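J.: Quick one, structure for this:
(2 chains)
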Amino acid sequence: KQEVTQIPAALSVPEGENLVLNCSFTDSAIYNLQWFRQDPGKGLTSLLLIQSSQREQTSGRLNASLDKSSGRSTLYIAASQPGDSATYLCAVRPAGNKLVFGAGTILRVKS
Amino acid sequence: ETGVTQTPRHLVMGMTNKKSLKCEQHLGHNAMYWYKQSAKKPLELMFVYSLEERVENNSVPSRFSPECPNSSHLFLHLHTLQPEDSALYLCASSQMGGRSGEKLFFGSGTQLSVL
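T.: Here you go, the predicted model:
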């Protein structure tokens, strides 16, 4: 059974700091991995999707990497801003239609 | 807005009520999903519809009844719910088999409270 773990559960950093969020999964047989952002009481916004054949994806200040063989992904946020404060969720897609989500990392960027 | 619209945004209902959640996607996608997000738990997939056919039912109690009349609309009919069903219910859509790698787009959710 695929399980997704995100570390740390919560993170508080000063504005401007670079930071890394970690995601690990137990079964390396995945089609893709997605990182999402969720603001309190809101839906999820897809940030980056990495196909199983890819090693990384970049969008603006965000960079996500994927090491499928070791079951790990990282989300790197450069020059963090207070507006980056949110919960960040990692999800993997094994065979079939079902995304498996981690519990998320709650990020707070202090001004 | 993300292209996926959910109504209502908030719903309070008693255990004997019957209500429905509505989701509409304006993205031309061919798959729609219902997820449940409870406090301090990972998102749980409830149902998946692909081309209006239910392709996954993730062991959801029968008090939750989905309906997908066409590829743009998805409903979740609720009846005789329990207090533990209180959660944020999220709808999502994607293009299965598309070049975007089946990226999911979520609505803002319906915050449900069962009294």
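
J.: Could you list the contact residues of chain B toward chain A?
T.: Within chain B, the positions adjacent to chain A are B:2, B:4, B:6, B:31, B:40-43, B:45, B:48, B:50, B:55-56, B:58, B:88, B:90, B:92, B:96, B:100-109, B:111 by C-beta under 8 Å from any C-beta of the partner chain. From N, CA and C alone the C-beta is placed, and that goes for glycine too.

J.: 6 Å instead, please
T.: When proximity is defined as C-beta under 6 Å from any C-beta of the partner chain, chain B approaches chain A at B:42-43, B:45, B:48, B:55-56, B:90, B:101, B:103, B:106-109.

J.: residue ranges of the strands in chain A, please?
T.: Taking DSSP state E, the strands of chain A run over residues A:4-7, A:10-14, A:19-25, A:32-38, A:44-51, A:56-59, A:62-67, A:72-77, A:86-93, A:100-101, A:105-110.

J.: a markdown table please, covering those and showing distance to chain B.
T.: A markdown table is the format used below for the strands of chain A (distance: least, C-beta to the nearest C-beta, whole Å):
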| stretch | distance to chain B |
| --- | --- |
| strand A:4-7 | 7 |
| strand A:10-14 | 12 |
| strand A:19-25 | 12 |
| strand A:32-38 | 5 |
| strand A:44-51 | 4 |
| strand A:56-59 | 10 |
| strand A:62-67 | 12 |
| strand A:72-77 | 15 |
| strand A:86-93 | 7 |
| strand A:100-101 | 4 |
| strand A:105-110 | 11 |
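
J.: would you list those in a markdown table and tack on mean pLDDT?
T.: As requested, the strands of chain A are exported to a markdown table (pLDDT from 0 to 100):
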| stretch | mean pLDDT |
| --- | --- |
| strand A:4-7 | 95 |
| strand A:10-14 | 96 |
| strand A:19-25 | 97 |
| strand A:32-38 | 95 |
| strand A:44-51 | 93 |
| strand A:56-59 | 96 |
| strand A:62-67 | 97 |
| strand A:72-77 | 98 |
| strand A:86-93 | 95 |
| strand A:100-101 | 92 |
| strand A:105-110 | 96 |
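
J.: now the ones you listed as a markdown table including mean neighbour count?
T.: Below are the strands of chain A laid out as a markdown table (neighbours: other C-beta atoms under 10 Å in any protein chain shown):
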| stretch | mean neighbour count |
| --- | --- |
| strand A:4-7 | 18 |
| strand A:10-14 | 12 |
| strand A:19-25 | 19 |
| strand A:32-38 | 23 |
| strand A:44-51 | 20 |
| strand A:56-59 | 13 |
| strand A:62-67 | 19 |
| strand A:72-77 | 20 |
| strand A:86-93 | 24 |
| strand A:100-101 | 22 |
| strand A:105-110 | 17 |
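
J.: Distance to B:His77 added to those strands, as JSON lines?
T.: Conversion of those to JSON lines gives the following (distance: least, C-beta to C-beta, whole Å):
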{"stretch": "strand A:4-7", "distance to B:His77": "30"}
{"stretch": "strand A:10-14", "distance to B:His77": "36"}
{"stretch": "strand A:19-25", "distance to B:His77": "34"}
{"stretch": "strand A:32-38", "distance to B:His77": "26"}
{"stretch": "strand A:44-51", "distance to B:His77": "23"}
{"stretch": "strand A:56-59", "distance to B:His77": "37"}
{"stretch": "strand A:62-67", "distance to B:His77": "37"}
{"stretch": "strand A:72-77", "distance to B:His77": "37"}
{"stretch": "strand A:86-93", "distance to B:His77": "26"}
{"stretch": "strand A:100-101", "distance to B:His77": "24"}
{"stretch": "strand A:105-110", "distance to B:His77": "33"}
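
J.: Appreciated, that's everything.
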